[in-house]
Structure formats: structure tokens, C-alpha cells
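# one predicted model, sequence on top.
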Amino acid sequence: MATRGLSIGFVAERTGLAVSAVRYYEEQGLVHPDRNAGGQRSFERSDIRRLSFVRIAQGLGFSIAEIRAALAGLPEKRTPTKSDWERISNEFGRVLDARIAQMQALREKLDGCIGCGCLSLDRCKLYNPDDRAARLGDGPRYLLGDQPSDAE
């Protein structure tokens, strides 16, 4: 099977993406197909793996910018090697581990809140009278680790 000259329809079918999604990812700089004299895209077989990676990474919550940065480290005109993909996997793994730790910490904090009846508002991580936590920045400041006394 040829490694060059794959049509956009074939690439879309192999990756499970819509043709419009393949075009979008090209616009975002995630793949760089060649063009023939008539302007038709010509993909390499390695683009199937890149686009499959994009699909998986987005499903894990990575942004297009994060994915673009990761793919920028891959060679353009040769099929990435196992070590190329391992490097990206390790980088994404560290980010995922940090996100998992953050979600676990949030779950532990919320476990004490959900259904508690809030008899102890002085210790509640969600209680924010007069929106004092806004002085500390955006988001649920107390759940993110700030203390109510920091906002006074």
C-alpha cells in the first residue's frame, strides 16, 4: 500500500473523522498535506496516525494548541518512530497525572460538602459571603486552595 498520495476521503474514513474535520485540522497546522496542480490534498500514511492522535488527545481534554505543540516536535517528512510517540506520550502522561491529582483533591473537598446541610459555614469551601473571594482571582478560589482569611 502506498505511503503517499492518500486522498482526504480515505484519510477521513481511516480516522473516523469527517472530511471537514480533516480540513479544519489542516487549517490548525496539525497536518500538512501536499497539493497537486489541481489543488487536491495528498496525505501521507503517517497523517492517519497524527489525526488519530488528535482525536484521542481531544477526547482526553487537550486543546488544539496543546496538541499542535506536541505534534510540532514530530518530524514532518518521515513517519514518526516509536521513540517520537513515547516522548509525546510521556509529556501528555505528566499532564494527565496532574489533572487526575487535581480532580481527586477536588472530589475529596466536595465529598464533605455535598448533602452536608452546611451547619458549619465558617469552614465551608463553597461559602463566599459578599463575594469576598473575587479579590483573590477568578474561579472557586477556596476550592482551589485559597483561604477565606486571604480575601479579608
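Everything's here; your move. Numbers count the residues shown, from 1 in each chain.

# ranges for the strands of this structure?
According to DSSP state E, the chain carries its strands in the segments 34-35, 41-42.

# so where's this protein shaky on pLDDT?
Confidence mapping of the chain against pLDDT under 70 gives the ranges 1-4, 77-78, 111-129, 142, 150-152.

# let's see that with 90 instead.
Residue ranges of the chain with pLDDT under 90: 1-5, 36-39, 46, 49, 71-82, 84-85, 102-152.

# ok, for the residue minimising distance to the centre of the chain, nearest residue in space, not its chain neighbours?
Centre of the chain computed as the mean C-alpha position; nearest residue by Cα atoms, centre = their mean is Phe62, 0.1 Å away. Spatial nearest neighbour of Phe62, excluding adjacent residues (Cβ to Cβ, 6 or more residues apart in numbering): Phe92 at 7.0 Å. (Each C-beta comes from the backbone N, C-alpha and C, glycine too.)

# the one you found: how many residues sit nearby?
Neighbour count of Phe92, defined by other Cβ atoms under 10 Å: 18.

# contact partners for it?
Taking Cβ atoms under 8 Å, 6 or more residues apart in numbering, we find Phe92 in contact with Ala57, Leu60, Phe62, Ala70.

# I'd say the second one and Ile100 touch.
Right, Leu60. No: between Leu60 and Ile100 there is no contact under Cβ atoms under 8 Å: 10.9 Å.

# from Gln102, how far out is Leu96?
As judged by Cβ to Cβ, to the nearest Å, Leu96 and Gln102 stand 11 Å apart.

# more neighbours, those two?
Neighbour count, other Cβ under 10 Å: between Leu96 and Gln102, Leu96 has more, with 14 against 11.

# roughly how far does the residue nearest to Phe62 sit from Gly38?
38 Å.

# one more: Leu110?
Applying Cβ to Cβ, the value for Leu110 to Gly38 is 57 Å.

# who's more crowded, those two?
When neighbours are counted by other Cβ under 10 Å, Leu110 and Gly38 differ, and Leu110 comes out ahead with 12 against 5.

# how much space between Trp85 and Arg49?
With distances taken as Cβ to Cβ, Trp85 is found 8 Å from Arg49.
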